[in-house]
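Engineer: please work out how this folds:
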Amino acid sequence: MATAPLHTAPSTIAQRGSGLLPGIVLCAAVTFAALTAQRIEVALTGRAWLEALVLAILIGTAVRTAWSPGQRWQAGIHFSAKTLLELAVAMLGATISLGAIVGAGAPLVAGIVAAVAISITASFALGRLFGLPRKLAMLIACGNAICGNSAIAAVAPVIDAESDDVAASIAFTAVLGVAVVLLLPLIAHVLGLGQHGGGALAGLTVYAVPQVLAAAAPLGVAAVQLGTLVKLVRVLMLGPVVMTLSLIMGRRHGAERTVAAGHSIASITRFLPWFILAFLALAAARSLGLLPEVAVSGANKLAGLLTIVSMAALGLGVDLRSVAAAGPRVTAVVTLSLVILGAVALVVIRFAGIA
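Structural biologist: Down below sits the predicted model:
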């Protein structure tokens with residue numbers, strides 16, 4: 001009787017692993033195609049105009065638009081898009097010194113806070129101007145200003161948003177998020193931004209923490225490092241925003257009593273998931289000189305490979321036809337809100353003196 005659990009656990013793990021395998025293999029196949037395409041590109045033109053990160057998204061999106069993977073593929077795709085990407089972000093911490101945060105200075109941190117506040121206010125007003133319901137307008141505003149789907153999911157229960165509004169916001173955010181990742185390196189080049197400026201622009205505009213890697217990678221290592229740090233500060237704004245909305249909504253049962261009881265504080269810890277905590281821990285270890293260079297180099301290479309696999313999974317989750325399904329008003333509001341955020345981001349970059 002006592003030995004049964006010992007046999008059950010390995011069996012359960014094996015079953016879960018086999019369930020993930022088809023989707024992971026599919027993502028790996030897209031990754032291989034992207035790496036191969038990059039090699040061909042370099043052989044023909046002498047350089048990678050579109051890096052494997054970008055090619056993985058494009059190939060994955062093309063596959064998803066032409067063919068919808070069945071249920072047997074979904075677990076592995078989700079694992080690759082989420083868990084592997086989170087692991088890549090965590091390992092990226094080993095390549096970053098926390099001294100860079102101090103070097104960024106108070107003006108940049110203040111600018112990030114201001115950018116989030118201004119973007120939420122302007123985007124919400126824009127949504128109302130286009131006739132969107134208050135809750136949908138707020139979901140779009142918070143999603144654009146902070147961290148896309150994660151912000152939408154966090155804000156939705158606080159404002160009692162309808163499931164249709166949540167679905168519409170997330171559907172278009174997924175598509176537009178990919179567009180931002182693809183276009184940002186070109187925009188940074190056109191605007192004459194260097195690695196630090198381009199990285200800051202990525203951190204201030206790209207939706208998800210891991211996607212900053214894909215957007216900033218073509219600009220250089222310094223762009224990835226600063227972009228990730230800027231994005232982490234931006235994500236930390238989610239806690240105060242959610243608490244503020246709770247107070248504004250005046251939810252029954254008393255927001256003040258909830259905070260006093262520690263429930264809201266406990267909920268805020270969800271906004272610092274394991275991979276961000278691991279990122280900060282590894283960054284601290286690197287800053288203290290506890291990590292050998294061989295470990296730093298290995299973490300950097302593995303993080304890069306995992307990011308490409310994750311970008312393939314991201315592409316496999318995007319159906320371009322969902323843009324039409326989101327509706328013209330939602331499309332216009334989300335797009336214009338992102339333009340506003342981009343404009344505010346450029347002001348912050350100039351204000352902070354980032355080249």
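
Engineer: and Leu245, how far is that from Leu184?
Structural biologist: As judged by CB to CB, to the nearest Å, Leu245 and Leu184 stand 28 Å apart. All C-beta atoms are positioned from the backbone trio N, CA, C, and that covers glycine.

Engineer: try Ala168
Structural biologist: Distance from Ala168 to Leu184, by CB to CB: 24 Å.

Engineer: more neighbours, the two?
Structural biologist: More crowded of Ala168 and Leu184, by other CB atoms under 10 Å: Leu184, with 26 against 23.

Engineer: so which elements touch whichever helix or strand that one is part of?
Structural biologist: Following DSSP states H and E, one finds Leu184 within helix 163-190. Packing partners of helix 163-190 (3 or more CB pairs under 8 Å, 6 or more residues apart in numbering; DSSP states H and E): helix 52-66, helix 134-142, helix 149-158, helix 195-205, helix 209-216, helix 293-316, helix 322-326, helix 328-351.

Engineer: and the helix or strand harbouring Arg128, what's buried?
Structural biologist: Per DSSP H and E: Arg128 is located in helix 106-129. Neighbour-count burial for helix 106-129 flags 108, 111-113, 115-120, 122-124, 126-128 (criterion: 16 or more other CB atoms under 10 Å).

Engineer: residues in contact with the residue most central in space within the chain?
Structural biologist: Central residue of the chain (CA atoms, centre = their mean): Ala208, 1.0 Å from the mean position. Listed by CB atoms under 8 Å, 6 or more residues apart in numbering, the contact set of Ala208 reads 147-150, 177.

Engineer: ok, Leu316 next?
Structural biologist: By CB under 8 Å, 6+ apart, the contact set of Leu316 is 26-27, 30, 60-61, 63-64, 69, 77, 81.

Engineer: any idea which of the residues you listed is closest to Pro240?
Structural biologist: Proximity of the contacts of Leu316 to Pro240 was ranked by CB to CB; the top entry is Ala81 with 27.7 Å.

Engineer: ok, that closest one touching Gly317?
Structural biologist: Yes: Ala81 lies in contact with Gly317 (CB atoms under 8 Å); the separation is 6.1 Å.

Engineer: neighbour count winner among these two?
Structural biologist: Ala81 (24 against 17).

Engineer: excluding residues flanking it in the chain, which one is nearest that one?
Structural biologist: Distances taken as CB to CB, 6 or more residues apart in numbering put Ala313 closest to Ala81, at 3.6 Å, once the chain neighbours are dropped.

Engineer: what's the one you found in contact with, if anything?
Structural biologist: Neighbours of Ala313 in contact, by CB under 8 Å, 6+ apart: 23, 27, 60, 77-78, 80-81, 84-85.

Engineer: next one: Thr335
Structural biologist: Leu176.

Engineer: show the pLDDT at it.
Structural biologist: Looking at Thr335, its pLDDT reads 87.

Engineer: quick one: it and Ile146, what's the gap?
Structural biologist: Thr335 is 17 Å from Ile146, by CB to CB.

Engineer: try Ala295
Structural biologist: 32 Å.

Engineer: which one of those two is surrounded by more residues?
Structural biologist: A count of neighbours by other CB under 10 Å puts Ile146 above the other of Ala295 and Ile146, at 25 against 15.

Engineer: now for the residue nearest to the more buried one when sequence neighbours are not counted, how many residues are close by?
Structural biologist: Leaving aside its sequence neighbours, Ile146 sits nearest to Leu238 (CB to CB, 6+ apart; 5.2 Å). Per other CB under 10 Å, the neighbour tally for Leu238 reads 22.

Engineer: isn't Leu238 up against Ile152?
Structural biologist: No: using CB under 8 Å, Leu238 is not in contact with Ile152; the gap is 10.7 Å.

Engineer: and the residue lying closest to Val54 once chain neighbours are set aside, what's its pLDDT?
Structural biologist: Closest residue to Val54 apart from its sequence neighbours, by CB to CB, 6+ apart: Leu182 at 5.8 Å. Note on Leu182: pLDDT of 84.

Engineer: same check, this time on Val235
Structural biologist: 76.

Engineer: the host helix or strand of it: what's the following helix or strand?
Structural biologist: Assigned by DSSP H and E, Val235 falls within helix 221-236. Toward the C-terminus, helix 221-236 is succeeded by helix 238-249 as the next helix or strand (DSSP H and E).

Engineer: pLDDT at the residue nearest to Ala81, what is it?
Structural biologist: If you check Ala313, the pLDDT there is 88.

Engineer: what's the neighbour count on Leu186?
Structural biologist: 10.

Engineer: I meant to write Pro133 there.
Structural biologist: 13.

Engineer: kindly report the same for the one 10 residues further on.
Structural biologist: Gly143: 31 surrounding residues under other CB under 10 Å.

Engineer: what sits closest to it if chain neighbours are left out?
Structural biologist: Per CB to CB, 6+ apart, closest to Gly143 is Ile152, 4.4 Å.

Engineer: wait, what's in contact with that neighbour?
Structural biologist: 139, 142-143, 166, 169-170, 173.

Engineer: buried stuff in the helix holding Val235?
Structural biologist: For helix 221-236, by 16+ other CB under 10 Å, it's 223-236.

Engineer: other residues contacting stretch 190-197?
Structural biologist: Residues contacting stretch 190-197 (CB under 8 Å, 6+ apart): 188, 201, 219-223, 226, 346, 349, 354-355.

Engineer: do stretch 83-97 as well
Structural biologist: 209-210, 213, 221, 224-225, 228-229, 273-276, 278-283, 285-287, 291, 295-296, 299-300, 302-304, 306-307, 309-310, 313-314.
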